[in-house]
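Asks: Give me a model of this one.
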Amino acid sequence: MNGVINIADSVYGDIKHVKNLLRGYWELKVKAYSEGVSADTEEIVVIMMDIDRALKRLTPYDREILYLNCSLRIPASEIGRRHGSNQPNVSRDINLALCKMVTELTGQSE
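Replies: Sure thing, here's the model as predicted:
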């Protein structure tokens, strides 16, 4: 196995890590591509590519709620209001989407 698998296991191991990665994902993406790939940003680019792949496997709704909550930091109650739902249901959906991300990023099967 190559080093990327080891990075994936340590970086993507749980929901909190994935949520933190997603919080800065869009900012990191712009920075990494605008500055180019160097020795210190290469690992970031690999992580972003992994996240891109995992996000593409989620439903559009899952991607949207993760973007709204993790990137824009909109609370679940407001997301629920926008979608005609409530905070507990949206919070559950966010956690399920994060679990799917962890599964995709670590290569674990359900």
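
Asks: Residue 73: what secondary structure?
Replies: For residue 73, the assignment made with DSSP: H, G, I helix; E, B strand; the rest coil gives coil.

Asks: Backbone dihedrals for it, please?
Replies: phi 60, psi 40 (degrees, to the nearest 10).

Asks: Look up how far residue 84 lies from the residue most central in space within the chain.
Replies: Geometric centre of the chain, nearest residue: residue 22, 4.0 Å, by C-alpha atoms, centre = their mean. Distance of residue 22 to residue 84, given as C-beta to C-beta, to the nearest Å: 24 Å. Any C-beta I mention is one placed from the backbone N, CA and C, and that applies to glycine too.

Asks: swap in residue 77?
Replies: The gap separating residue 77 from residue 84 is 13 Å, by C-beta to C-beta.

Asks: So if I had to pick from these two, which one is more boxed in?
Replies: residue 77 (14 against 6; other C-beta atoms under 10 Å).

Asks: pLDDT at that one, what is it?
Replies: Here the pLDDT value assigned to residue 77 is 97.

Asks: again with the one 5 residues further on
Replies: Residue-level confidence at residue 82 comes out at 95, pLDDT.

Asks: by contact count, what packs against the host helix or strand of it?
Replies: Using DSSP states H and E, residue 82 sits in helix 76-83. Contact here means 3 or more C-beta pairs under 8 Å, 6 or more residues apart in numbering; DSSP states H and E; on that basis helix 76-83 packs against helix 87-106.
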